[in-house]
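next comes the sequence, and after it the predicted model I'd like to discuss.
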Amino acid sequence: MTIRTLLSLTALAFAVGTTAHAQAPAPAAAYPTKPIRLIVPFPPGGGTDILSRLVATKLTESAKWTVVADNKAGAGGTIGIGEAVKAAPTGYDLVMGQKDNLVIGPWLYKNLPWDPTKDLTAVAHVAWTPVVIATSVNSKYKTLADVVAAAKAAPGTITYGSPGNGTSIHLAGDLFEKAAGVKLSHIPYKGSNPALMDALAGNVDLLVSSLPSAMGQIKSGKLRPLAVTSAKRSSSLPDVPTVGESGYKDFDVSTWYGVFAPAGTPAAVVTTINAEVNKLLATPDMKAAIQAQGAEPQALSPAQFGALLNKEYVQWKGIVEASGAKIE
């Protein structure tokens, strides 16, 4: 082999190596490299807002990420979901979704431009909570039986406030009316906090609310819880009976909260966020903080959370239709 041939082969090997190096995929950038926005589709002060800010704060502390909660309220939470759907699927725009805006809203609002089962990716389940039926501490109603007796004596005269028409909380009230065979008057508000304030003032007889939204006033003694709507008692209110225990067998309505991302978000990013949230949910501090709000922490994989969404999306179509609730 001549020197010229040797040099040519060496040059060729160098060229091939250089080309292969240039074409090799660059290693994925570490996530996250900038602040993450967590869209909150409801106003400040409600259950979704409380849990969202708790997750954002604790993730910032534990994972050293910068997570910023951003309230985008309106239309039963569907406006905030819509903003998340339109965001770039990079993992830097997330949304705290829950039953109201993901499995009820699509059947309630006509022609929503998104489908939660197709346009979002389930990332991390955070918590579930029962709905609580409560009244002002100054109210004459001491038990759920008192409410039912009064409602049967004077149908339609007892009012209850909810965070809005067609929310899971409103529908929990509607399902209770059907189970008890009574007629109440539903007063919808624009969010949990206005309903809570009117219940405390006695402007409505009852409050039907997520437990996180009402927990502060229950703890302060200003709000009297009459029953929770889950199948079992809340660990946060162990002395408060369930609706089922109050005589309405198999009554079970609860809501859940979790983090979603736009469809198409890389699986590696979804896995990273899920791992950090689940790690957080396993800590005593986070468990205690969630339970202090009346919710129950629960970690799920993205696949498990997605299956929950798909199942309830189908189930609640019939419940919404039976309630007659519809917003054009």
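Yep, it's here. Residues are numbered from 1 along each chain as shown.

for Thr129, which non-adjacent residue is spatially closest?
In space, and not counting its chain neighbours, Thr129 is closest to Ala295: 4.1 Å by C-beta to C-beta, 6 or more residues apart in numbering. For glycine as for every other residue, the C-beta is placed from the backbone atoms N, C-alpha and C.

before we move on, what about Pro188?
Spatial nearest neighbour of Pro188, chain neighbours left out: Asn165 (4.2 Å); criterion: C-beta to C-beta, 6+ apart.

let me know whether the one you found touches Val320 as I believe.
No. Using C-beta atoms under 8 Å, Asn165 is not in contact with Val320; the gap is 11.0 Å.

how about the helices in the chain?
Counting by DSSP state H, the chain has helices at residues 3-23, 47-62, 78-86, 99, 105-108, 116-119, 144-153, 168-180, 192-201, 211-219, 267-281, 284-292, 302-323.

tell me the most buried of these?
Mean neighbour count (mean count of other C-beta atoms under 10 Å) peaks for helix 99 among the helices of the chain, with a mean of 26.

can you give the contact residues for it?
Applying C-beta atoms under 8 Å, 6 or more residues apart in numbering, the contact partners of helix 99 are Ser168, Thr255, Trp256, Glu312, Trp316.

Ile158 reaches Ala151, doesn't it?
Yes. Checked against C-beta under 8 Å, the pair Ile158 and Ala151 is within contact range at 5.1 Å.

between the two, which contacts overlap?
Counting by C-beta under 8 Å, 6+ apart, the residues touching both Ile158 and Ala151 are Leu184.

distance from the chain centre to stretch 152-169, please.
Taking C-alpha atoms, centre = their mean, to the nearest Å, one finds the center of stretch 152-169 at 22 Å from the center of the full chain.

which residues of the stretch 1-150 of the chain score low on pLDDT?
For the stretch 1-150 of the chain, residues meeting the criterion pLDDT under 70 lie at 1-29.

again, but for the stretch 151-300 of the chain
Ranges of the stretch 151-300 of the chain meeting pLDDT under 70: none found.

wait, isn't Leu300 in contact with Gly306?
No. Between Leu300 and Gly306 there is no contact under C-beta under 8 Å: 9.0 Å.

dump stretch 137-149 to CSV, restricted to CA.
Below are the C-alpha coordinates for stretch 137-149, written out as CSV (Å, rounded to 0.1, in the frame of the first residue of the first chain):
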residue,chain,number,x,y,z
VAL,A,137,-73.5,27.6,61.8
ASN,A,138,-76.4,29.9,62.5
SER,A,139,-78.8,27.9,60.4
LYS,A,140,-81.7,25.9,61.8
TYR,A,141,-80.6,22.8,59.9
LYS,A,142,-78.5,20.5,62.1
THR,A,143,-78.6,17.4,60.0
LEU,A,144,-79.3,16.3,56.4
ALA,A,145,-82.5,14.8,57.7
ASP,A,146,-83.6,18.3,58.8
VAL,A,147,-83.1,19.6,55.3
VAL,A,148,-85.0,16.7,53.7
ALA,A,149,-87.9,17.1,56.1
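
what's in contact with it?
Residues from elsewhere that reach stretch 137-149, judged by C-beta under 8 Å, 6+ apart: 133, 135, 150, 158, 180, 182, 202, 205-206, 221-224, 226-227, 241, 243, 246-247.

pull out the buried members of the residues you listed.
Among the contacts of stretch 137-149, those buried by neighbour count (16 or more other C-beta atoms under 10 Å) are 133, 135, 150, 158, 180, 182, 205-206, 222-224, 226-227, 241, 243, 246.

looking at these, which are in strands?
Residues of the buried ones among the contacts of stretch 137-149 located in strands (DSSP state E): Ile133, Thr135, Leu206, Leu223, Arg224, Leu226, Ala227.

check contacts around the first one.
Under the criterion of C-beta under 8 Å, 6+ apart, the neighbours of Ile133 are 144, 147, 160, 173, 176, 206-208, 225-229, 243.

export these to TSV and tack on distance to Gly47?
Putting the contacts of Ile133 into TSV (distance: C-beta to C-beta, whole Å) gives the following:
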residue	distance to Gly47
Leu144	21
Val147	22
Tyr160	17
Gly173	16
Phe176	19
Leu206	17
Leu207	13
Val208	13
Pro225	15
Leu226	18
Ala227	18
Val228	14
Thr229	14
Val243	19
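
out of these, flag the one nearest to Asn278.
Taking C-beta to C-beta as the measure, Asn278 lies nearest Val228 of those, at 25.8 Å.

any idea how many residues pack against the closest one?
28 (other C-beta atoms under 10 Å).

for the closest residue to it other than its chain neighbours, give its distance to His186.
Sequence neighbours aside, Pro130 is the residue nearest to Val228 in space, at 4.0 Å (criterion: C-beta to C-beta, 6+ apart). According to C-beta to C-beta, to the nearest Å, Pro130 and His186 sit 19 Å apart.

contact partners for the residue nearest to Ile50 when sequence neighbours are not counted?
Nearest in space to Ile50, with sequence neighbours left out and distances taken as C-beta to C-beta, 6+ apart, is Pro212 at 5.0 Å. Residues counted as contacts of Pro212 (C-beta under 8 Å, 6+ apart) are Gly46, Gly47, Ile50, Leu51, Thr129, Gln293, Gly294, Ala295.
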